[in-house]
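>>> with the input below, show me the fold.
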Amino acid sequence: MKMSDHKTSYQPNKSFVLMLFVSASALISIVGTHLAAAQPTHLSLEIVGGQTVPLHEVEPVYPIRAFNRKIEGWAQVKFTITPAGTVDPDSIEVTDAQPRGMFDTSAMQAIAQFRFEPRIQDGVAVELPNVQHVFRYKLDEDEE
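Residues are numbered from 1 along each chain as shown. Down below sits the predicted model:
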């Protein structure tokens, strides 16, 4: 028998594929439910000093660890707005927070997605460094 006479093809086991699909769907459902439950309804955002106008804001994800422990607080970030109105991801830093370290990652991830009205000087869009923004994390009264 020649090699060309023997035809093999790989067909995945349909039960295995179905099991993978069901497992993935269940995992997405569990993670999605857990993240949705961790969202605060009282989150305030504020630009410190009113230096520029946000065109697109992103609400940060309430950290699950803080949510489960019923911890509220805030994080202040400092960053640079590019001439295009985006946030320079390399410029983001947490300058102050309460409690320290609890909301840092959430605040940094959110601010990286913001879009701002570009600053115009002499008819040209310019970079705006040292912009500060405060994210306040507060749980609903019925979640406390």
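>>> list the contacts of M102.
63, 65-66, 71, 73, 75 (Cβ atoms under 8 Å, 6 or more residues apart in numbering). Glycine gets a C-beta too; all of them are placed from N, C-alpha and C.
>>> T105 against Y62, yeah?
No. With contact defined as Cβ atoms under 8 Å, T105 does not count as touching Y62 (11.7 Å).
>>> on that earlier part again, just the buried subset of the contacts of M102, please.
Among those, the ones that count as buried by 16 or more other Cβ atoms under 10 Å are 63, 66, 71, 73, 75.
>>> low-scoring stretches of the chain, by residue?
Residues of the chain that meet the criterion pLDDT under 70 lie in 1-51, 142-144.
>>> show me where the chain has its strands.
42-48, 54-56, 73-81, 93-98, 115-116, 119-121, 124-126, 128-138 (DSSP state E).
>>> tell me how far the nearest residue to Q113 once chain neighbours are set aside lies from P118.
With sequence-adjacent residues excluded and distances taken as Cβ to Cβ, 6 or more residues apart in numbering, Q113 is closest to V58, at 4.1 Å. With distances taken as Cβ to Cβ, to the nearest Å, V58 is found 18 Å from P118.
>>> compare these two (neighbour count), which wins?
Taking other Cβ atoms under 10 Å, V58 and P118 do not tie; P118 has more neighbours (19 against 14).
>>> which residues touch that one?
Here P118 is in contact with 81, 83-85, 125-126 (Cβ under 8 Å, 6+ apart).
>>> buried ones among these?
Using 16+ other Cβ under 10 Å, the buried ones in the contacts of P118 are 81, 85.
>>> relative to E93, which of the contacts of P118 is nearest.
Nearest to E93 among the contacts of P118 is I81, at 14.3 Å by Cβ to Cβ.
>>> wouldn't the closest one be in contact with H133 here?
No. Here I81 lies out of contact with H133, judged by Cβ under 8 Å, at a distance of 10.5 Å.
>>> where's the nearest residue to A66 once chain neighbours are set aside relative to R65, distance?
Leaving aside its chain neighbours, A66 sits nearest to M102 (5.3 Å; criterion: Cβ to Cβ, 6+ apart). Separation of M102 from R65 (Cβ to Cβ): 7 Å.
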